[in-house]
Every structure is written in C-alpha cells, then in structure tokens.
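Colleague: Kindly generate the corresponding structure for this input.
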Amino acid sequence: MDNYTPYCKDAFHTYVVNGDKDAVQPQKRGTKVAAYYILEVPAGEERSVFLRLGSDSQVPKDGTAMDQSHLDRIVDRRQFECEDFYSKIIHDSLSDEERRVSCQSYAGLLWSKQFYHYVIKDWLYGDPEQFPPPRERLQGRNADWKHLFNRDIISMPDKWEYPWYACWDLAFHMIPFAKIDPTFAKEQLLLFLREWYMHPNGQIPAYEFAFGDVNPPVHAWAVWRVFKMEAPRTQRDRAFLARCFQKLLLNFNWWVNRKDPDGKNIFSGGFLGLDNIGLFDRSKPLPTGGHLEQADGTAWMAFFCVVMLDMALELALTDPVYEDMASKFFEHFVAIAEAMNALGDGKGLWNEEDGFYYDHLIRDGHAPEPMRIRSVVGLVPLFSVLVLEDSVLERLPDFHKRLKWFLANRPELESQISMFKSSASDKDECKPLATGTHYLLAIPSRERLERVLHYVLNEDEFLSDYGLRSLSKVHEDKPFHMDFGGETYGLKYTPGESDTYLFGGNSNWRGPIWFPIAYLLIESLERYDFYYGDSLRVECPTGSGNMMNLKEASRELARRLTRLFVPDPETGHRPCHRGADQYKDDPHWKDLILFYEFFHGDKGHGCGASHQTGWTALVSRCMDKIASRAD
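Modeller: Model (predicted):
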C-alpha cells in the first residue's frame, strides 16, 4: 500500500546510512526527532556531547545555556532535590546500603511508568490505512473485550521485558508507590475499575495477551492499603474509597458467579498468577478429567471478603448505608471459611494428617483426592485475617446487632474458624486491645495456624536465608508424583529457573522467592499478632529454640528479604547479583541494583526479568518494617 506521506519511521536510517537528505521532513515537523553528530574520537581519547531539552523560555539568553558550569549546577540541584525528597520518605535508621536499595526501588517504579495505547475495536477491525485483518481475529484473543480503550500512563511489570500492564502486578506496585506518589497510586487503582477497562460483567482485565485470564483478586486489598497509607485517619480520601468500593462490588459478584462452579463457596480460577505451581496447568482441562477445588482460589475469595468488609466498616462510620454491605461480607466470609475448613468430610481443604491446606482433585466416582504438595497455595488461607474491635462496633449498631444474632444462631462456627469473643482481661487467650470485646476473623484456628507456621518458619521447608520459598524444599528429596492413563505427572523443588514448559517456561513458582506472596504473609502475621500478642509465640526458625511473637516473626521474614540486595558483610557481593565481581568492584556498577522478577530459593540470586520488576519494589516496604523495629 502507498504511504500517505514519504516521511516514514525508517527516515533516520535512510538519512544517516544511505545519505538521503530528502528522507526527513524539511519543515522539521513530525512525531519523532533525532540529534545527529559526527565525531572523530582518536584512540585513548574521549568526546562529550551535552544535550539540554527544554522550551525556549527555559533557555538562558546570555549564551550560557550549554556552559559546563551551568549544566553542572543544574545536575547538582536535581541531585539535591532527589536526595531531599527521599530523605523525607526513607527511614533515617536504615544503613547507607539499605537506603540505597530503597531509593533505587522507588526510582525503578517511576522509570517503569509507560504510555500504553490499545483499543480492542481498532485491533479487531483494523487500521483504515492498512489491509483488513483476517476475519478469524473476530473470534480470537480478546474478541469479547470490545469496550476496552486503553490510552493512559500505566505502571508496567518491567518496561523493558514486560511492556504491558498486568493487573495483579500493578496492585502490588501501588503499595510502594503510595509512599512516593499517592495521587498516582489512587488514579491507577481507580483507572482499572473504570468502564473502559473493567468488563461489563465485572472482570478486571488481566494483561494484553489474554484480558480474560484470572489473576488473584488483590485489587481491593491495594485500594484499602493505599487509602490507609496516604494520610492520617482524619485526612483520608473517603471519596476515593467509596468510588472503588462500588466498582469492586461488580468484580466480587463476577467471582461469585463465574468461579464457584457448584455453589458451595469453593472457588476455582485456574493458574491464578502462580503459573507452574501445580502438578498440571490449572488453566486447562485436567488430563484426569474432573476439576480442582483450589485452596488458593477459595482463600483468595475469603481474603477479598475480609478486605471488602473492612472497607464497608470504614465507610459505614460516616454513612450507615454501608452497614448492610458490611453484614453481607461478614456472612459471606464465614460461609467461605466454613467451606474451606469443614465441607465434605468435615475437614474441607484442610489435611489433618499433614497440618496443611491442599487443592483437592474432584472426579466422578472417586473420593476427593488432596494434592499433597506443600506450596504457597496452602499459605494463602493465612492472608484472610481481620480483628473487629468493640470500640468500632459500638459506632455501628445495625452491624453489631446482626453480628450478635449471627453468632448466637450459628454457635457451631466457633469450632471451625477463629472467631472468638474475648474480654480485655483474657490475657491467656489474647492480648487486651481495649475495654470490651473483640473478634478475630480468620480461616485457620489458632491450632491450625501454628501447624502451618511450623512449615513456614522451617529452613528445611519454606524459610530461606533470603525470604519465603514458593514450594517447600522437602520436595527436593520427595518429589510429588501422580499416575494417570499410563502417564506420570511429577513436581519437584526447583529453586532457580524453571525446568518445565508450563506457561512457556519463563517463570517458576516451584521453589523461588517471590515478593508479593511473602509480603502478604508479612502483613497477615502482623494482624494475627495484633490479636494474639505475646500469648502466641512460635519457634523461628523451627527447631532453633528461638521463640518469637508473630510480629517479630514477620520482621524476621522482612529482614531476610532485604538481604537479597544488601552486600554480604564477608564477601561484599549482593546475593541478587549471582556473585558477579562487576557489581562488587567496578566503581561504575557496584552501587547499581537489579530488581529481578524472582530469586533463587537457596542462593538468592535473581531470576526471570532482570531490570526493574515492579512488585520487587516491595522491598522498600520491608525496609520500612525493619526500620520500625529499631524505633
């Protein structure tokens, strides 16, 4: 096809390489511009080119615009402004190296913002200046997202290797973003709930190659955390919270209507962002037939419920209309937790023999088969935890009344979930929070929580020197196998890059350390500690004899995660850099840090995308937590 203009995107190449001076627009107008210099550089010498981008009004008229001293002053001032900005955000008790890690993680987030333009209707029907696309496209990928119109600056997972948004990655990006640009964080979270992003059925778009894929429902959690992080309680943006809450109701209903196949409050969802975590590709029909009852899918929905309940309670403090929604989410949480703990054989997805939560394989004519794989799938049930304080409940009379009625009429639930009424004097059961009563909503009981944490804090299982493994190290010597139809399916601990082609083989959840799951566990342990206090102490690491309360255990996990990026005091190497001397000795490289996608479960070196993987910036929040311990 003929171009409507002779000035095309390869004009610079034609101009420079072919010497065609007519290849570029003579009026110097267009969408691209390039500076062209010819320099002769003798051996052993150097030449510098100073460039300054600015409007005419910004350029000094006295001829000093490109003066070396003038440029140096500009750079010095920008550096001072940067250091001054981060000095107000990064805790001053951190070491110089820890501050460097935090600063660069924030800077990487800012760098990873990118303009993203994707209009599904245009993609389906083609560009009027080009040949029409094949008709198969109308029934292909993303064909049912015709409403989607993306034309925004968006936080990318990694602008170099993953230059497209991923909704659950973005939710985690916004937690550290709330420290440096809370307005942007709020705008991003609200953007994905708007009508030109969210599907009319309530689903949030996943990523460009399959908007309809299902990722963990963490958007509500990110909204709630950003709301609380932005300002002190009396200065928070309640309008932002209310706007997000209304749209998140649509997303919650999408989950309930699409991902609970039998209406039993046991949810599926496919791979749920964890790629090769399972024995099979959980997004495809199982080779065994039947389906999976997913421990993580069900627990993610309980987590969604708890967050929505927390939001509704907050909004109800100034608008009693939300008390009804609080009651709805409280009772829905209880229903999911009951299914998780007691459905079927009375144990739900809990395995009493192992003391762990597992996916169950459901096939006609067979009893439910637990997939006895100790992975982060079985840790997601720990994330759903909320303390209801009497001081808040007294301000919400309708919700409080309904809560009391529910407990009075469902006494059997006390044996299934941790939902206890405790007075302030019950110091043997929990720490006193305030005069009156309070309740703990959680999936595991205290006894089950302790049993799961026995694995979590065991260095031969989940606990690495550098954080939380995604699969227990026990599966290194004891791989999990199942035989179906003459074929064996296996899974073993693989701490580094993937050795399977599930999901393309460029991601691995069978052993490495991933920041998002570890960070959610850290926050959950803090909430459990808020209820139990010193009445619940665990051995950390398991078998060490060193007892900690759960807040101390959460800080220990945060500390181990930060070790990935801080130089080892003996070798001088940062574990994330795989022992490369260039990052230790070279003055141009030694202070530069790569925030990888995930990390080797034993050695800590970086794996996957290697530039600035947005959710790894959560290390800055881990730094905040270990700094708060120093206060």
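Colleague: now the helices: where do they sit in the stretch 151-300 of the chain?
Modeller: 167-180, 182-191, 219-230, 238-258, 295-316 (DSSP state H, counting those that start in this stretch).
Colleague: Figure out which of the ones you listed is closest to residue 115.
Modeller: Closest of those to residue 115 is helix 182-191, at 13.3 Å (criterion: Cβ to Cβ). In short, each C-beta sits where N, CA and C put it, glycine included.
Colleague: what helix or strand is the closest residue in space to residue 387 that isn't next to it in sequence on?
Modeller: Residue nearest to residue 387 in three dimensions, not counting chain neighbours: residue 531, with 4.9 Å by Cβ to Cβ, 6 or more residues apart in numbering. Applying DSSP states H and E as the criterion places residue 531 in helix 515-532.
Colleague: what about the strands in the stretch 251-400 of the chain?
Modeller: Listed in chain order, the strands of the stretch 251-400 of the chain (DSSP state E, counting those that start in this stretch) span 291-293, 350-351, 356-357, 360-362, 369-370, 385-389.
Colleague: Out of those strands, which one sits most buried?
Modeller: Mean neighbours per residue, mean count of other Cβ atoms under 10 Å, is largest over the strands of the stretch 251-400 of the chain for strand 356-357, with a mean of 26.
Colleague: in the stretch 301-450 of the chain, which spans are helices?
Modeller: Taking DSSP H, counting those that start in this stretch to define them, one finds helices in the stretch 301-450 of the chain at 322-346, 390-393, 397-409, 446-456.
Colleague: Where does the prediction get shaky in this structure?
Modeller: 1, 344-345, 414-436, 502-505, 629-631 (pLDDT under 70).
Colleague: any idea how far the most centrally placed residue in it is from residue 64?
Modeller: Geometric centre of the chain, nearest residue: residue 172, 3.5 Å, by Cα atoms, centre = their mean. To residue 64, residue 172 is 46 Å away according to Cβ to Cβ, to the nearest Å.
Colleague: and what of residue 372?
Modeller: Distance, residue 372 to residue 64, using Cβ to Cβ: 73 Å.
Colleague: Repeat that for residue 601.
Modeller: From residue 601 to residue 64 the distance is 56 Å (Cβ to Cβ).
Colleague: And residue 230, by the same measure?
Modeller: Distance of residue 230 to residue 64, given as Cβ to Cβ: 42 Å.
Colleague: who has more neighbours, those two?
Modeller: Applying other Cβ atoms under 10 Å to residue 230 and residue 64 shows that residue 230 carries more neighbours, namely 17 against 12.
Colleague: hang on, residue 295 packs against residue 357?
Modeller: Yes - with contact defined as Cβ atoms under 8 Å, residue 295 counts as touching residue 357 (4.4 Å).
Colleague: Mutual contacts of these two, please.
Modeller: Among the neighbours of residue 295, those also in contact with residue 357 (Cβ atoms under 8 Å, 6 or more residues apart in numbering) are 340, 349, 377, 378, 380, 381.
Colleague: what residues are up against the fourth one?
Modeller: With contacts taken as Cβ under 8 Å, 6+ apart, residue 378 has the following neighbours: 295, 296, 356, 357, 358, 452.
Colleague: okay but the fifth one is in contact with residue 349, surely?
Modeller: Yes - shown here, residue 358 and residue 349 form a contact pair, counting by Cβ under 8 Å, at 6.2 Å.
Colleague: Just say helix, strand or coil for residue 150.
Modeller: strand (DSSP: H, G, I helix; E, B strand; the rest coil).
Colleague: how close does it sit to residue 164?
Modeller: Applying Cβ to Cβ, the value for residue 150 to residue 164 is 10 Å.
Colleague: Overlap of the contact sets of the two?
Modeller: residue 116.
Colleague: neighbour-wise, which of the two wins?
Modeller: residue 150 (19 against 16).
Colleague: ok, now which ones touch the spatially closest residue to that one that is not a sequence neighbour?
Modeller: Counting by Cβ to Cβ, 6+ apart, residue 118 is the residue found nearest to residue 150 once chain neighbours are left out, at 4.5 Å. Shown in contact with residue 118 (Cβ under 8 Å, 6+ apart): 148, 150, 208.
Colleague: what would those look like in TSV with distance to residue 238?
Modeller: Listed next are these as TSV, based on distance: Cβ to Cβ, whole Å:
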residue	distance to residue 238
148	29
150	28
208	33
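Colleague: Which one of the residues you listed is nearest to residue 257?
Modeller: Distance to residue 257, by Cβ to Cβ, is smallest for residue 148 among the contacts of residue 118, at 20.6 Å.
Colleague: tally of neighbours for the closest one?
Modeller: So residue 148, with other Cβ under 10 Å, has 20 neighbours.
Colleague: That one: what's its closest spatial neighbour, skipping adjacent residues?
Modeller: Residue 148 sits nearest to residue 120 (Cβ to Cβ, 6+ apart), 4.5 Å away.
Colleague: how deep is that neighbour tucked in, by neighbour count?
Modeller: Per other Cβ under 10 Å, the neighbour tally for residue 120 reads 20.
Colleague: check contacts around it.
Modeller: With contacts defined as Cβ under 8 Å, 6+ apart, the neighbours of residue 120 are 142, 145, 146, 147, 148, 149.
Colleague: Can you show me the strands along the stretch 451-600 of the chain?
Modeller: 463-464, 467-468, 480-484, 487-491, 537-539, 547-549, 598-599.
Colleague: can you list these in a markdown table and add mean neighbour count and distance to residue 585?
Modeller: Below are the strands of the stretch 451-600 of the chain laid out as a markdown table (neighbours: other Cβ atoms under 10 Å; distance: least, Cβ to Cβ, whole Å):
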| stretch | mean neighbour count | distance to residue 585 |
| --- | --- | --- |
| strand 463-464 | 24 | 27 |
| strand 467-468 | 26 | 26 |
| strand 480-484 | 14 | 43 |
| strand 487-491 | 13 | 40 |
| strand 537-539 | 17 | 40 |
| strand 547-549 | 17 | 37 |
| strand 598-599 | 26 | 22 |
